[in-house]
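**Q** Build me a model:
(one chain, ligands or ions: 2)
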Amino acid sequence: MGGGTDIEQSRKTAEALSYATGFGNEHSSESVPGALPEGRNSPQRAPLGLYAEQLSGTAFTEPRHRNRRTWLYRIRPSAAHPAFVRRDNGSLRSAPFAECVPDPNRLRWNPLPEPPDGTDFVDGLWTLGGNGDVLQRTGMAVHLYTANASMTDRVFSDSDGELLIVPERGGLLLRTEMGMLRAEPGHVALIPRGVRFRVELLDESVRGYVCENYGQPFELPELGPIGANGLANPRDFLAPTAAFEHRESPVEVINKFGGNLWSATYDHSPLDVVAWHGNHLPYVYDLRRFNVIGSISYDHPDPSVFTVLTSPSDTPGLAGVDFVVFAPRWLVGEDTFRPPYFHRNVMSEYMGLIEGAYDAKASGPGGFVPGGGSLHNMMSAHGPDRDTFEKASSAELKPQKLDDGLAFMFETRWPVTATPQALTGPQLQKRYDDVWQGLERHWSPGV
Ligand SMILES: O=C(O)Cc1cc(O)ccc1O
Ligand SMILES: [Fe+2]
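**A** Ligands and ions are numbered 1, 2, ... in the order given. Okay, the predicted model is just below:
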């Protein structure tokens, strides 16, 4: 179990954190004065006898605006480790997702049950599905996590992609190589490819969603005619400040590589970075800071205006994956059907709910509930359920504040193939199609 005192300790730590602000910035941080070399990355001897190590998130030669790397100044170099050996993948699966065929049906799931006692974040990862190929560095995976124990003597890192963690229940303290982040429900945390981290719980039981992005790192979307401000503002992304751990006892590093979990036990903590500078950094972002842009005249805008982060693909405008949030907002459209319209989309949509309800779907049991999710694959017909359609078609169109829910979407250019556990488990709702039954014919051509 998380254990009361452990949680209290983690909470105390989480409450005292300080951050650097700004997405994609060059930040620098030293937890001991003088630990960061000045004027060069790799002096003959790094300050304090630390080891200099570069962690690259993009190829050395990628364009400047996309280039990501961080220089780490650490007690021991990461290279000082024995061989990695395969370990059990648990419920974690990776692309290519070939165990089941891609399914054109609309699918919806209830939340996962509470895991067995002693389940930590890594053991609690459960893959719903995904697309692409980890070795080609394309595509994404949708995972859920449930946990009731902090990671203690182990850390995790993902060579296959970056992790966008979306807590739905319970807070997390993320101890990363670059320092600590606190992520509560309503926040998202972004852990870049390859960064080692440990998850401590701030509540007895936690759960949430993870988008594993195998493709290009998430970036802020272009704003075009919106202008210089709006949507997710860069300054609201919080990066950690350096905080090292000095432990000369065994720590297991679990590395997800090529779709499998590998393990090597270091004789010290690999979270031993005393100072760093760079832009390959973890972040936490409060979704309630999202500056929602919408229609102030008529019609329901496409939800691309709700994009928080996008992972571009080689085709401009066509994302490997977008992370989209349906944040509290006013609806004022005149002569407008205000909830999401009926649609068939070339992109594939996985939706989750962090709290409350979503304006196109009934919430109650068996509906779209926090911790649950839905998958509307490429071209599948969906939109408001019957009750939502009836209500919204005759609602009085006065200004309405939508503030009783926080939903999100991982929207991807490739269909999502579900895993066997997602398609055969008890969480899959059997009669999801029924929500669109009973949409009456209101017009018939005369005979
Ligand atoms: O609920 C959905 O399906 C997501 C969605 C929301 C919206 O406002 C418009 C299109 C869309 O796919
Ligand atoms: Fe949709």
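
**Q** Now do V199 against V305, distance only.
**A** Going from V199 to V305 by Cβ to Cβ, to the nearest Å gives 32 Å. Every C-beta, even on glycine, is put in place using the N, C-alpha and C of the backbone.

**Q** what about those two, which has more around it?
**A** Shown here are V199 and V305; by other Cβ atoms under 10 Å, V199 has more neighbours (26 against 15).

**Q** Show me what secondary structure element comes after the lowest-mean-pLDDT helix or strand in the chain.
**A** The helix or strand of the chain with the poorest confidence is helix 4-15; it has a mean of 90 (mean pLDDT, DSSP states H and E). Downstream of helix 4-15, the first helix or strand assigned by DSSP states H and E is strand 19-21.

**Q** In the stretch 151-300 of the chain, which residue sits closest to ligand 1?
**A** H300 (5.9 Å; Cβ to the nearest ligand atom).

**Q** Tell me the secondary structure at that residue.
**A** For H300, the assignment made with DSSP: H, G, I helix; E, B strand; the rest coil gives coil.

**Q** Please tell me I have it right and it contacts D335.
**A** No - using Cβ atoms under 8 Å, H300 is not in contact with D335; the gap is 11.8 Å.

**Q** and the two? which has more neighbours close in?
**A** The neighbour count for H300 versus D335, taken as other Cβ under 10 Å, is higher for H300 (16 against 8).

**Q** Within range of ligand 1, give me the residues from the stretch 151-300 of the chain.
**A** Contacts of the stretch 151-300 of the chain with ligand 1, taken as Cβ under 6 Å from any ligand atom, map to H300.

**Q** Tell me which stretches of the stretch 151-300 of the chain form helices.
**A** In the stretch 151-300 of the chain, no helices are found when defined by DSSP state H, counting those that start in this stretch.

**Q** For stretch 262-269, which residues meet the burial criterion?
**A** For stretch 262-269, the neighbour count (16 or more other Cβ atoms under 10 Å) marks W262, Y266, H268, S269 as buried.

**Q** okay if I get those residues as JSON lines plus pLDDT?
**A** JSON lines is the format used below for the buried residues of stretch 262-269 (pLDDT from 0 to 100):
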{"residue": "W262", "pLDDT": "98"}
{"residue": "Y266", "pLDDT": "98"}
{"residue": "H268", "pLDDT": "97"}
{"residue": "S269", "pLDDT": "97"}
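
**Q** Excluding covalently adjacent residues, which one is nearest to whatever residue of the chain ends up closest to ligand 1?
**A** When scored by Cβ to the nearest ligand atom, the chain has P340 as its residue closest to ligand 1, at 3.5 Å. Nearest residue to P340, sequence neighbours excluded (Cβ to Cβ, 6 or more residues apart in numbering): A360, at 4.4 Å.

**Q** In terms of pLDDT, where does the one you found sit?
**A** A360 is assigned a predicted lDDT (pLDDT) of 77.

**Q** Contacts only, for it.
**A** Neighbouring residues of A360 by Cβ atoms under 8 Å, 6 or more residues apart in numbering: P339, P340, G383, P384, D385, T388.

**Q** List phi and psi for F368.
**A** phi -90, psi 100 (degrees, to the nearest 10).

**Q** residues contacting it?
**A** Residues in contact with F368 (Cβ under 8 Å, 6+ apart) are R108, M351, L353, A357, Y358, K361, A362, S374, A407.

**Q** how about a cut-off of 6 Å?
**A** L353, Y358, K361 (Cβ atoms under 6 Å, 6 or more residues apart in numbering).

**Q** I'd say the first one and P370 touch.
**A** If I follow you right, that is L353. Yes - judged on Cβ atoms under 6 Å, L353 makes contact with P370 at a distance of 4.8 Å.

**Q** Let's see the pLDDT reported for the nearest residue to S91 once chain neighbours are set aside.
**A** Closest residue to S91 apart from its sequence neighbours, by Cβ to Cβ, 6+ apart: W126 at 4.1 Å. For W126, the pLDDT comes out at 98.

**Q** Tell me both backbone torsions, phi and psi, for W126.
**A** Backbone torsions of W126, given as degrees, to the nearest 10, read phi -140, psi 120.

**Q** if we look at the sheet, which residues does the residue nearest the centre of the chain bridge to?
**A** For the chain, L164 is the residue whose C-alpha lies nearest the centre (Cα atoms, centre = their mean; 2.2 Å). Using DSSP bridges, the bridge partners assigned to L164 are L190, C211.

**Q** Look at it and report its pLDDT.
**A** L164 is given a pLDDT of 99.

**Q** list the contacts for D299?
**A** Here D299 is in contact with T336 (criterion: Cβ under 6 Å, 6+ apart).

**Q** How about V134?
**A** With contacts defined as Cβ under 6 Å, 6+ apart, V134 is in contact with S94, A95, D160, Y214, G259.

**Q** tally of neighbours for the nearest residue to G405 once chain neighbours are set aside?
**A** Leaving aside its sequence neighbours, G405 sits nearest to G356 (Cβ to Cβ, 6+ apart; 3.2 Å). G356 has 15 neighbours, counted by other Cβ under 10 Å.

**Q** For L144, give me its contacts.
**A** Applying Cβ under 6 Å, 6+ apart, we find L144 in contact with L112, W126, Y209.

**Q** Make a markdown table from these and add neighbour count to it.
**A** Shown next, in a markdown table, are the contacts of L144 (neighbours: other Cβ atoms under 10 Å):
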| residue | neighbour count |
| --- | --- |
| L112 | 20 |
| W126 | 23 |
| Y209 | 24 |
